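Novice: Next input, structure requested:
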Amino acid sequence: MSPVSIEEVKERAKKIKLVILDVHGVMTDEIVYYGDNGVRYRPFCHRDGLANYALMWGGMEVAWLTRSSKTARFRAEELKIKRYYENPKKVEKLDELEQELGLKDEEVCYVGDDLIDLGVMNRVGLAVAPCDAVPEAKEAAHYITETPSGKGVVRELAELILKAQGKWEEIKQKIMTMGY
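Specialist: Prediction:
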């Protein structure tokens, strides 16, 4: 499969009820930082944090799949992500989530960047890859973001889905009235 027309992407986005995000390579770049103390660090994009909220406020379930990571776990807790899974077998987790939520493949969006994501990407209704994903992930994607990994991929996707579902203006107003 290769990217489809934006009209078809929007039609697919209208059906989405669950957004599953691979963490590393989607919400973070693929660079691993180590401090002098040997602790591994990964930066997260602030825009993606707000985009996770926007998706949830828009009625979507959001799930994160990642390898074991204290940093990702902390960020998921900070954003109140209820469906956070470390080291899952991704296709099995897709099956579990669909069964639990009563969803079909076409109601699921998955964002992935590497070979490990292909099994899920080849099944879901809306498969998305960052523009700097590996060639195989981009080939499996219905939509390739303009945004590179770790720089707002989820933000771009959230706007696309929420606009397609006619929820963008309401969510935008909610965000605009928030204070920090």
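Novice: mind checking pLDDT for the most centrally placed residue in the chain?
Specialist: Centroid-nearest residue in the chain, with CA atoms, centre = their mean: residue 21, separated by 3.2 Å. For residue 21, the model assigns a pLDDT of 97.
Novice: what's it in contact with, if anything?
Specialist: 27, 62-65, 110-111, 154 (CB atoms under 8 Å, 6 or more residues apart in numbering). C-beta: built from backbone N, CA, C; applies to glycine.
Novice: In three-state terms, label residue 109 for me.
Specialist: strand (DSSP: H, G, I helix; E, B strand; the rest coil).
Novice: Tell me what it is bridged to.
Specialist: Note on residue 109: beta-bridge partners by DSSP bridges are residue 19, residue 126.
Novice: how about the strands in the protein?
Specialist: Along the chain, counting by DSSP state E, strands occupy 18-22, 33-34, 40-41, 61-66, 83-86, 108-111, 126-129, 143-144.
Novice: Find out how far the last one is from the centre of the chain, if you would.
Specialist: Put plainly, it is strand 143-144. Centroid displacement of strand 143-144 relative to its chain, using CA atoms, centre = their mean, to the nearest Å, is 12 Å.
Novice: measure residue 90 to residue 111 for me?
Specialist: In this view, residue 90 and residue 111 are 12 Å apart by CB to CB, to the nearest Å.
Novice: out of those two, which sits in the busier spot?
Specialist: Taking other CB atoms under 10 Å, residue 90 and residue 111 do not tie; residue 111 has more neighbours (31 against 19).
Novice: what's the worst-scoring helix or strand of the chain on mean pLDDT packed up against?
Specialist: Lowest on mean pLDDT, DSSP states H and E among the helices and strands of the chain sits strand 40-41, with a mean of 76. Packing partners of strand 40-41 (3 or more CB pairs under 8 Å, 6 or more residues apart in numbering; DSSP states H and E): strand 33-34.
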